[in-house]
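>>> Quick one, fold the following:
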Amino acid sequence: MKVNRHGQAKILTAEEINRLFEVGLSRDRDRALFSICLFTGCRIAESCSLLTDDVYSAGGAVRTRLTFRKSNTKGKLRTRSIPLKAELIARLMLHRPQAGKKFLFPGRHGRGHIHPDSAAAILRDAFEVLGIEGASTHSFRRTALTRLSNEGVPLRVIQEVSGHETLTALQKYLEVSEQQVEDAIAHLNF
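Numbers count the residues shown, from 1 in each chain. The predicted structure follows:
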């Protein structure tokens, strides 16, 4: 059944996420890149432009918090620091940055970082192999933020994670299911 998402990227199911990371993405680098998007709710450009120092200590250990620098965020408003879940730390431990590289995900020719369009192409290929339609790099952001909302995390806290300037902007990302609407109406007891 096709769902009208009004042009927004698909929210991924747990099963689709598992298939993507187990089958669709074959490189540790790609799993790390897209895991950052999933477990922090960040934009693909923010993940692509991370510096090695934003994620790893000088000794090579994965930090407990990931830093999105103000200069790499949309609107360049402020730096965000996000705590890392064990699942993300494990994937980052498998992706070892190249020694001496400034960027966590270097570009193809060693200049700069991987371009978000290149990352999107990798993901499109994986989704095609898995037969997942309507998904894109933005699916990770929408999935993460919607899941936080569904778990009852206050919108203001989700806004802190996502970096949205306003709650109005954030709310456009959150998907409401038909079941949630039905459950809400069921609470109307007089």
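>>> all strands for this structure, in order.
65-68, 80-83 (DSSP state E).
>>> which strands and helices sit next to the longest helix seen in the chain?
Looking across the chain with DSSP state H, the single longest helix is helix 116-130. The contact analysis (3 or more CB pairs under 8 Å, 6 or more residues apart in numbering; DSSP states H and E) places helix 116-130 against helix 28-40, helix 44-48. C-betas here are computed from N, CA, C, even on glycine.
>>> what's the most buried one of the strands of the chain?
strand 65-68 (a mean of 18; mean count of other CB atoms under 10 Å).
>>> for that strand, the distance to its chain's centre please.
Distance, stretch centre to chain centre, for strand 65-68: 13 Å (CA atoms, centre = their mean, to the nearest Å).
>>> Counting by contacts, list what it packs against.
helix 28-40, strand 80-83.
>>> okay, the residue nearest the centre of the chain: pLDDT?
What sits nearest the mean C-alpha location of the chain, by CA atoms, centre = their mean, is residue 37, with 1.8 Å. With respect to pLDDT, residue 37 scores 95.
>>> Which residues does the longest helix of the chain contact?
With contacts defined as CB atoms under 8 Å, 6 or more residues apart in numbering, helix 116-130 is touched by 16, 19-20, 23-25, 30, 33-34, 44-45, 47-48, 105, 107-108, 133, 135-137.
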